[in-house]
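Asks: turn this into a structure:
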Amino acid sequence: MAVNPYLAGAAGRCPNCGEGPLFEGFLKVSPRCEACGFDLARADSGDGPAVFVILIAGFASAFGALITEVVAHPPIWLHLVIWLPVATFLCLALLRPFKGLMLAAQFANKASEARRDD
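Replies: Numbers count the residues shown, from 1 in each chain. Model prediction:
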């Protein structure tokens, strides 16, 4: 059965086999897949995941802060106490899956950095 590289990448698994871990730490890409031996060292997502994460988390946080301001009119310090941690959490929660998706997209589209060697 063929592995969906996008689902595997979003889950932090090897886009080739779907079994081995894609990351060694929080964001460091493993040099090779432990399960199939696929060379993951060539893959490089660059700044792409960070751009998408900043746009998504920034929109969600800004929209939430705007709605909170219109409905409740809290003081600015309360906005900071609420929305800075929310933005930080969203960025940290989304960064790893988005990096996995970008690496999987390179793999699936046979980009030069992460070519499928079938």
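Asks: can we go C-alpha only for contacts and neighbour counts from here?
Replies: Noted.
Asks: gap between the most centrally placed residue in the chain and I56?
Replies: The residue lying closest to the centre of the chain (Cα atoms, centre = their mean) is F98, at 2.1 Å. F98 sits 11 Å away from I56, going by Cα to Cα, to the nearest Å.
Asks: before we move on, what about L84?
Replies: Separation of L84 from I56 (Cα to Cα): 14 Å.
Asks: equivalent analysis for F23, please.
Replies: 23 Å.
Asks: so these two - more neighbours on which side?
Replies: Of the pair F23 and I56, F23 is the one with more neighbours under other Cα atoms under 10 Å, namely 21 against 16.
Asks: residues contacting the more buried one?
Replies: F23 sits next to G12, R13, V29, S30 when contact means Cα atoms under 8 Å, 6 or more residues apart in numbering.
Asks: burial count for the third one?
Replies: If I follow you right, that is V29. Neighbour count of V29, defined by other Cα under 10 Å: 22.
Asks: what's the closest non-adjacent residue to it?
Replies: Excluding the flanking residues, the one nearest V29 by Cα to Cα, 6 or more residues apart in numbering is F23, at 4.4 Å.
Asks: quick check: the gap between that neighbour and Y6.
Replies: Going from F23 to Y6 by Cα to Cα gives 15 Å.
Asks: no more questions from me, cheers.
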